[in-house]
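# Quick one, what's the 3D model for this:
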Amino acid sequence: MTPDTVGPLSRPYDVKNLPAKGTEVHLAATAAECAELAKDFGLPAIHSLSADFNLHSSAKGVHVAGVVRARITQICVVTLESFDSDIEEEVEVDFAESSGMPPEPPTEMHEYEPPDEIVNGEIDLGTLASEFLALGLDPYPRKPGVEFDYRDPADAEDSPFAALNKLKGE
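Next comes the predicted model:
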């Protein structure tokens with residue numbers, strides 16, 4: 001893992017000596033990291049980003065569960081006005097050494113999702129938090145209370161093409 005490959009939020013965590021009972025990890029992004037992530041995600045601002053993770057050893061490697069929370073500013077796709085919103089995304093991911101996991105093909109009954117890779121005995125919890133923040137973003141955000149005003153084709157007399165339709169009939 002290098003800073004060039006993991007993005008602006010990187011928190012490598014050594015899982016080689018994970019306690020048997022597991023551990024809890026809290027991370028919070030700095031203002032500079034939030035600004036870089038906002039730029040990467042095309043958002044006006046990320047005001048805060050934090051994550052709480054529980055890490056436990058599993059038969060296959062490491063199981064990470066937790067929650068990512070963020071306060072962001074988005075642009076409404078209807079009004080083009082900015083507005084603030086909160087994101088809370090549940091996290092549940094398995095990690096394993098690449099050499100220890102045989103590939104398993106998908107079957108009809110169960111779609112196999114391979115674990116994420118443990119690199120040099122570490123997992124990057126910052127990258128994980130960034131990925132789940134990205135998953136929690138609404139691709140078409142709307143400011144609360146804003147509705148999209150779709151005009152029914154039955155209201156064709158209000159259409160700019162209504163005059164053309166009249167000419168067509170003559």
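
# buried set for the longest strand anywhere in the chain?
Using DSSP state E to define each element, the chain has its longest strand at strand 82-97. For strand 82-97, a neighbour-count test (16 or more other CB atoms under 10 Å) marks 83, 85, 87, 89, 91, 93-96 as buried. For every residue, glycine as well, the C-beta is placed using N, CA and C.

# what's the answer for stretch 70-78, then?
70, 72, 74.

# Only alpha carbons, please: show that stretch as CSV.
Provided in CSV are the C-alpha atoms of stretch 70-78 (Å, rounded to 0.1, in the frame of the first residue of the first chain):
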residue,chain,number,x,y,z
ALA,A,70,-20.4,11.6,7.7
ARG,A,71,-21.9,15.1,7.4
ILE,A,72,-21.7,16.2,3.8
THR,A,73,-22.9,19.0,1.5
GLN,A,74,-24.5,17.9,-1.8
ILE,A,75,-26.1,19.7,-4.8
CYS,A,76,-29.8,19.0,-5.3
VAL,A,77,-30.4,17.6,-8.8
VAL,A,78,-33.7,19.4,-9.1
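
# For it, which outside residues touch it?
The contact list for stretch 70-78 (CB atoms under 8 Å, 6 or more residues apart in numbering) reads 38, 43-50, 81-87, 133, 136-138, 140-143, 146-148.

# Got a quick ChimeraX command for the buried subset of these?
The buried residues among the contacts of stretch 70-78 can be selected in ChimeraX (16+ other CB under 10 Å) with this line:
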select :38,43,45,46,49,83,85,87,133,136,137,141,142,143
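
# Looking at the contacts of stretch 70-78, which are in helices?
In helices, defined here by DSSP state H, the members of those are 38, 133, 136.

# Go through the residues you listed and say which is closest to residue 25.
Nearest to residue 25 among these, counting by CB to CB, is residue 133 at 16.3 Å.
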